[in-house]
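Visitor: Need coordinates for the below:
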Amino acid sequence: MQELKVGAGRFVVGAKAIQNLKREMQYFGKKALIIGGPSSVDKVAECVDLNELGIVHRHTGECSKRWAEDYSEIVKQEQCDLIIGMGGGKCIDLAKCAATYANCPIITVPTSVATCAASSAVCIMYTDEGRSDGSVGMNREVDVVLADSEIIKNSPKRLWGAGLVDSLAKLPEVIHNLTIKNHKDCDLNKYICYINGKAIWEFIMGEGYVLADDQKDLGLVENMIVTNLIHTSIVSGFSSGSGQLALAHGLYDFIRREFVKEAKDILHGEIVGVGLIMQMYYNGDDPQEIENLKSFMEHFGMPMNLRDIHYEDTDDNRRKLIEYLTKSTNVTDVERLEKALEKIK
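Guide: Purely as a prediction, here's the structure:
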C-alpha cells in the first residue's frame, strides 16, 4: 500500500499572513510550544504577540533527535496543544520532528525560502555535533504553513540564492541514471516529479534573476514562495520511498558527515548547488544549460566548486567521496562520475 504525503493541510501565502497565526492555531488548541531561531522569533514577534500564544523557545542548538525529544517532553509537561516552528530549515525540521514525537499538530512559519522544509513531510536531522543523522518521516502532513511575503521578501540575497538553487536540483536529480521522455519510461510517481521539476526549473531560471536584485514585486515574490516552499516539497513527497539519493544532495550529505566543522557556515543550498553542477555533467546535460546554471549561481555569489565549500581534495578524501556517492546514489558509471567531479574540483 502506498502512502503519499504531499503538500500541507493549509498553505497560506501573502502580505501579513502572519496575522492569521492565532486564528490558525485555534483550530488545534489554545497553547503552543513555539520553536525558532533567535532572529526569526524576534522578526515574527514584531508582528504578533508570541507570548500570548504559548511558550517561546529561541533555539540555538542543532536540529537533533535529542533536542526533538526534549521539546516533545515539554509539550507534554506544559500541556501544549501544538507546536509552531519558525525560521529556516533546521529550526522548522526540529519543530516538525518534535511534533512527530509528541504526536501533536504542527504549524510552520518560514522566514526565508532557503529550503522547502516548511511543507515537507520529512525532517532532516543532525547530531548535536552537526553531523548528518538521517531523517525522521512525519506521521502526517504539516497542518498549516503561514508564509508571510513581507517577512520573507526581506531575507538576504544569499538565502534566496540557496533556496532557488536547491529547488532547481529537483529536475537533474529526478533523471539521475534515467532517460525520461514520456510516462512510459518510468513509474507514475517519478514522471510526476519529472514534469513538476521541469516547471520549477523553467520558472526559477526565468524569474530568479529579478529577485536577486529587487524584491519589490510582491506578486513575483509570492509566486517564488509557492514554487520553493510548496511546489518543490510536492516533488519531494512524490519521490519519497524511491530509495534514490542523487548526486547533488549526495554531496551535501557527504560534506555534512565528513567536513562538519569546515563547512559549518556553508548553507544547504550552496552545497547542493556545487553538487548540482556535478549532477548535470554526470547526466550529460546540454552544455549551455550547465553554463546557464553557473551564471545563475554566480549572480547570487554562490560557491562554484569543492574548494568554495571547504572540501580538501586529497587522494583519500576523493576516494571516500567517490565511494560514498557510488554506494548511496546507485551510480552506474564510476568513470563518468570521476569526470563530473573533475569539473567541480
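Visitor: what's the burial count for Gln26?
Guide: Here the number of neighbours of Gln26 (other Cβ atoms under 10 Å) works out to 12. C-beta: built from backbone N, CA, C; applies to glycine.
Visitor: Contact partners for the residue nearest the centre of the chain?
Guide: Most central in the chain under Cα atoms, centre = their mean is Thr115, positioned 2.9 Å from the mean C-alpha point. By Cβ atoms under 8 Å, 6 or more residues apart in numbering, Thr115 lies in contact with 88-89, 162-163, 166, 268-269.
Visitor: redo that, cut-off 7 Å
Guide: The contact partners of Thr115, by Cβ atoms under 7 Å, 6 or more residues apart in numbering, come to 89, 163, 166, 268-269.
Visitor: cool, Ala98 as well?
Guide: Taking Cβ under 7 Å, 6+ apart, we find Ala98 in contact with 35, 68, 71-72, 83.
Visitor: how close does the residue lying closest to Asn189 once chain neighbours are set aside get to Lys5?
Guide: Nearest non-adjacent residue to Asn189, counting by Cβ to Cβ, 6 or more residues apart in numbering: Phe238, 4.7 Å away. With distances taken as Cβ to Cβ, to the nearest Å, Phe238 is found 10 Å from Lys5.
Visitor: how about the helices of the stretch 1-150 of the chain, start to end?
Guide: With DSSP state H, counting those that start in this stretch as the criterion, the stretch 1-150 of the chain has helices at 21-25, 38-45, 65-77, 89-102, 149-152.
Visitor: can you tell which of these is closest to Glu258?
Guide: Glu258 sits nearest to helix 89-102 of all those, at 19.1 Å, using Cβ to Cβ.
Visitor: would you put the C-alpha positions of the closest one in CSV?
Guide: Output of helix 89-102 as CSV, limited to C-alpha atoms (Å, rounded to 0.1, in the frame of the first residue of the first chain):
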residue,chain,number,x,y,z
GLY,A,89,15.1,24.7,7.6
LYS,A,90,16.9,23.4,10.7
CYS,A,91,14.6,25.0,13.2
ILE,A,92,11.5,24.1,11.2
ASP,A,93,12.6,20.5,10.8
LEU,A,94,13.4,20.3,14.5
ALA,A,95,9.8,21.6,15.3
LYS,A,96,8.3,19.0,12.9
CYS,A,97,10.3,16.2,14.4
ALA,A,98,9.3,17.3,17.9
ALA,A,99,5.6,17.4,16.8
THR,A,100,6.0,13.9,15.3
TYR,A,101,7.5,12.5,18.6
ALA,A,102,4.7,14.3,20.6
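Visitor: If I take that helix and helix 65-77, what angle do their directions form?
Guide: 50 degrees (axes from the mean of the first three to the mean of the last three Cα atoms, to 10 degrees).
Visitor: Please tell me how far helix 89-102 is from the chain's geometric centre.
Guide: In terms of Cα atoms, centre = their mean, to the nearest Å, the centre of helix 89-102 is set 14 Å apart from its chain centre.
Visitor: Now do the strands in the stretch 101-250 of the chain.
Guide: If DSSP state E, counting those that start in this stretch is used as the criterion, the strands of the stretch 101-250 of the chain fall at 106-110, 122-126, 132-137, 144-148.
Visitor: Go through those and pick out the most buried.
Guide: strand 106-110 (a mean of 30; mean count of other Cβ atoms under 10 Å).
Visitor: Direction included, what does that strand pair against?
Guide: Strand pairing for strand 106-110, using DSSP bridges, gives strand 82-87 (parallel), strand 144-148 (parallel).
Visitor: Need the residues that contact it.
Guide: 18, 24-25, 44, 82-86, 92, 95-96, 99, 118, 142-147, 152, 229.
Visitor: Average pLDDT for it, rounded please.
Guide: For strand 106-110, the mean per-residue pLDDT is 98.
Visitor: By mean pLDDT, point me to the weakest helix or strand of the protein.
Guide: The least trusted helix or strand in the chain, going by mean pLDDT, DSSP states H and E, turns out to be helix 232-239, with a mean of 90.
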